[in-house]
Structures are given as C-alpha cells and as structure tokens.
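J.: A predicted structure for the sequence below; I have some questions about it.
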Amino acid sequence: MMQKKNRAFLKWAGGKYSLVEHIQARLPQANKLIEPFVGAGSVFLNTQFSRYLLNDINPDLINLYNLLKAQPDALINDISTFFSPRYNEEAMYYNLREEFNATQDEYYRAILFVYLNRHGYNGLCRYSLAGKFNVPFGRYKKPYFPEHEMFFFAEKSQKATFTCLPFEKVFSRARKGNVIYCDPPYAPISKTAAFTSYAARSFGQPSQEKLAELALQTSKKRGIPVLISNHDLPFTRHLYKGADFSMLSVKRSISQNGATRKPVDEILAFFPPSAMKTAGNPVGKVKSKNAIKVMGHHKKEQSVKP
C-alpha cells in the first residue's frame, strides 16, 4: 500500500499524480528508475528507488531542477518574493514573461519559470517556434506558493541525476537492473488535435514510432523493462504490439473548455525483458474487463492563444 502521496511543485499538463499508484504497480523492482520525459516528476516523487536518472528535453525545467538540488534555501527564498499581490497583475506578468524570454541568466530563469508556471494559464508550459515562452496570464485570485513541495523535491533530488537529452540518448544510458518509465507527449486523439508544442520542439508520429521501437529493442535485446503511458488508440496499440497493456479511464483536468471535460482512455504498455515472467495478461492482451477510472490530469490537446 502506498504512503501519503507527494504533489509536484509545478502545475503540469499531463501530470501523473492521480495515476502514480497504477504506474507504481506496473514497475518491477530495480536499482534505478530512468525517466526520459520526467515533466513535473510525480512518479519520481512517489516511488522508492535507490537512484534516479531524470531527463527532459526542456532546458528550463532541468536547469530549475539542478539549481533546486544544489541550493534549495536560496532559490526557494528568492522565488517567494514573486508570490505577492503586486506580481499577480496582468501587466506585471507580461513584463516578467518578456524578461524570462530575454535573459540568459540561469538562476533568474529558474525563478521566473516557477513564477510563470503558477501565474500562467492552467500551468501550461508552451513555447513558440522561436523558443519564446508564450502562455497567457492565468488571472488567479491568489497563486499558491509551493514551498513545502519544493523542499521535498530538493531533498529527494539528492538521489537523482538530471539531464537534458534526446530520449534516444537516455535509453542508451540504461543498464541491466534499471527500469525505464516513459510519459511522452501523447498521440492526439483526433486528426485536428495538435501535438503539444513543448520546449520549442514537436513530438510527432516519427518520434512516437521511434520510442516504441526503442522500448521493444531495449526490453528484448538488452533485458531492461520499459513502461510507457499514452492515449488508448488504434495507433498506439499498433505501436506497442508485443507489450502487456493495462487500460485506464482518466478525466482530463486541463482543457480549453472545462464544461466539455470527459473521461478518455489511456494505456500503460509494459515491455518486459525476455527473462521476466509477467503476472498480468498475456503479451498484447488488453485488460478490458478491469478498466480503471481515474480522476486526474491529462495531456493538453489544443493550443491556447496568448
């Protein structure tokens, strides 16, 4: 049974806080958890591996994590000064967003990244093709300052190494005895839904296919188990053929229209190493009779105009 859950200090589209029990249940014992798409880190914060390799393609995110690991007291104190009424105004938000996009100072960018995350619309993290952060003002009455959550993250991050690499290179660093969990930008539910514009890069169909190929090769040829979460679609079922599927029904919590939020199906695709005996369904079978409904976060499908 899981202990009290720990929330990430960042708001995050597609965060896995509501799903960590189900993800943890599918992760085998290992000496290290590797996450090529760590995001806000809910899985990291709620698992008990002795070591972690946590990666994300977003350099601002990894810069923040490394600074929080190295100097939590100073960073958290400096971030706190931006959580006052004078900073929760539209004109101030856009001025600071402009400063964030202009500065190359890593420490200041880390401070502003947390500020923008908590004061911006729905906690989205989105960049233009030019690499400029472009999430609009959120208009929250009193944005929450996640002091406790940041200190907890900083303490646990002493067990972690943070990297900013393409996911293919992260897979190459895995060794026997490790386990890999992948939470990539999700495949779009419809043809009109765009892939999330994240870190000024796209994660389209070729990337989805490459990830699935790597997962299969890593599990079968290198003996390293891989777990992937994604939308439950004919496309993803085809991609992950050879995996052991579990289906979850998740109520989205980030959407342009809150009135139209509804449950959508996700899958956890587990690629066991050749020598591992799985306790679940036979490979390639879906647990359709025991689908689980979960209230929680979900990947954003539509972009938001700044």
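T.: That came through, no problem. Here the structure is a predicted model, which means the values were calculated and not measured.

J.: Report how many residues lie close to Arg175.
T.: 11 (other CB atoms under 10 Å). No exception for glycine: its C-beta is placed from N, CA and C like everyone else's.

J.: again, but for Gly39
T.: 25.

J.: Just checking the distance from the host helix or strand of Ala269 to the centre of its chain.
T.: Following DSSP states H and E, one finds Ala269 within strand 263-271. Centre-to-centre, strand 263-271 and its host chain are 15 Å apart (CA atoms, centre = their mean, to the nearest Å).

J.: Tyr94 is in contact with Phe137, correct?
T.: Yes. Assessed by CB atoms under 8 Å, Phe137 is found in contact with Tyr94 at 6.8 Å.

J.: so where's the stretch 1-150 of the chain uncertain?
T.: In the predicted model of the stretch 1-150 of the chain, residues 1-2 satisfy pLDDT under 70.

J.: Where do the helices of it begin and end?
T.: Assigned helices in the stretch 1-150 of the chain, in chain order: 20-26, 42-45, 59-70, 72-80, 90-102, 106-119, 147-156 (criterion: DSSP state H, counting those that start in this stretch).

J.: Tell me how many other residues surround Phe270.
T.: Neighbour count for Phe270, taken as other CB under 10 Å: 25.

J.: start the count at 28, not 1, going forward
T.: Yep, numbering from 28; the last one is Phe297 now.

J.: Check the gap between it and Glu48 for me.
T.: 15 Å (CB to CB, to the nearest Å).

J.: quick one: the residue nearest the centre of the chain and Ala57, what's the gap?
T.: Geometric centre of the chain, nearest residue: Gly66, 2.9 Å, by CA atoms, centre = their mean. Separation of Gly66 from Ala57 (CB to CB): 20 Å.

J.: Can you check the distance spanned by stretch 260-277, start to finish?
T.: 14 Å (CA to CA, to the nearest Å).

J.: mind checking how far it is from the chain centre?
T.: Between the centre of stretch 260-277 and the centre of its chain there are 19 Å (CA atoms, centre = their mean).

J.: I'd like the average pLDDT over it.
T.: Here stretch 260-277 scores 92 as its mean pLDDT.

J.: related to what we said a few turns ago, of Phe164 and Tyr121, give the one with the bigger neighbour count.
T.: Phe164 (18 against 13).

J.: and that one, bridged to which residues?
T.: Applying DSSP bridges to Phe164 gives these bridge partners: Gly147.

J.: Contact partners for it?
T.: 117, 120-121, 146-148 (CB atoms under 8 Å, 6 or more residues apart in numbering).

J.: And for Pro99?
T.: By CB under 8 Å, 6+ apart, Pro99 lies in contact with 177-178, 181-182.

J.: For PyMOL, write a command that selects the buried ones of those.
T.: Only the buried entries of these go into this PyMOL selection, using 16 or more other CB atoms under 10 Å:
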select buried, resi 177+181
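
J.: just the contacts of Pro99 now: which is nearest Phe36?
T.: Nearest to Phe36 among the contacts of Pro99, counting by CB to CB, is Met177 at 4.6 Å.

J.: okay but that closest one is in contact with Leu94, surely?
T.: No. If you go by CB under 8 Å, Met177 and Leu94 don't touch, sitting 11.0 Å apart.

J.: shared neighbours, these two?
T.: Taking CB under 8 Å, 6+ apart as the criterion, Met177 and Leu94 both touch Leu102.

J.: what's in contact with the longest helix anywhere in the chain?
T.: Secondary structure of the chain per DSSP state H: the longest helix is helix 232-248. Applying CB under 8 Å, 6+ apart, the contact partners of helix 232-248 are 194-195, 198, 201, 207, 209, 211, 214, 251-253, 255, 257, 262-263, 266-267, 269-270, 296, 298-301.

J.: filter those to the buried ones?
T.: Here, 16+ other CB under 10 Å leaves 194, 198, 201, 207, 209, 211, 214, 251-253, 255, 257, 262-263, 266-267, 270, 296, 298-300 buried among the contacts of helix 232-248.

J.: Just these: which are in strands?
T.: Judged by DSSP state E, the buried ones among the contacts of helix 232-248 include 207, 209, 253, 255, 257, 296, 298 as members of strands.

J.: so what's the first one bridging to?
T.: If I follow you right, that is Ile207. Beta-bridge pairing for Ile207 (DSSP bridges): Ile61, Val253.

J.: So it sits against Lys59, correct?
T.: No. Using CB under 8 Å, Ile207 is not in contact with Lys59, being 9.5 Å away.
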